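A.B. asks: below are the sequence and a predicted model for it; my questions follow.
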Amino acid sequence: MKRKFILSGLMGLLFVFTMGASVASAQTDLSGVWVLDRSKSTDLPPPLKELSMTITQKGTKVDVVQKLVLNTGEENITDTYLLDGGTKGVMLDGPNKSRAKGNRTAKKIDRGFESVDEGTFTPPGLSGKLTVKTSRKWRVSEDGKTLTLDIIRASSMGTRESHRVFTKA
């Protein structure tokens, strides 16, 4: 009888821990369509009229499709983040529509994830090469209705910080 009682107690604890883990992972899921709230965002590029993101998160893989509406038209930018803490080689977008091979590290944090990209670009219109390090912190509010994206971009030309706030569509 004592043995059944102990086994029942252990099974109950296992159930509680399993449910807690699934609730915690559900809270950090960024999946959905997110629309920029310009009134709560800072340091947005001047030609940006609208910005929305469609995020699909499956385990440690996060796919992001950004839809930008600019003075010159509409652009879609796709990106993938692997939240395993390892460094991966990726193609990065840089200044003046330049692209370069670079490295990305991404990992889970409380209610989201953070990533660091670093690459050396040869942008048209600028002399020489430019190494850019971009840090991003993505966080969902506890109620799941707001996503904040804090970006710090540093290079020899200076450092820029941007705070973007999105609401779930």
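C.D. replies: Yes, it's here. Because the structure is a prediction, the values reported are computed rather than measured.

A.B. asks: report the contact partners of G86.
C.D. replies: By Cβ atoms under 8 Å, 6 or more residues apart in numbering, the contact set of G86 is T105. No exception for glycine: its C-beta is placed from N, CA and C like everyone else's.

A.B. asks: which strands border the helix or strand harbouring it, and is each parallel or antiparallel?
C.D. replies: Assigning secondary structure by DSSP states H and E places G86 in strand 84-93. Using DSSP bridges, the strands paired with strand 84-93 in its sheet are strand 99-109 (antiparallel).

A.B. asks: which residues touch the partner strand?
C.D. replies: The list of residues contacting strand 99-109 from outside it, by Cβ under 8 Å, 6+ apart, reads 28, 60, 62, 81-94, 113-122, 137, 139.

A.B. asks: what residue, apart from its backbone neighbours, is nearest the one residue sitting closest to the centre of the chain spatially?
C.D. replies: Residue closest to the average C-alpha location in the chain (Cα atoms, centre = their mean): W138, at 4.5 Å. Excluding the flanking residues, the one nearest W138 by Cβ to Cβ, 6 or more residues apart in numbering is G112, at 4.4 Å.

A.B. asks: which residues does the one you found bridge with?
C.D. replies: Bridge pairing for G112 - DSSP bridges - gives I109, R139.

A.B. asks: so it sits against I55, correct?
C.D. replies: No. Under the criterion of Cβ atoms under 8 Å, G112 is not in contact with I55, lying 10.6 Å apart.
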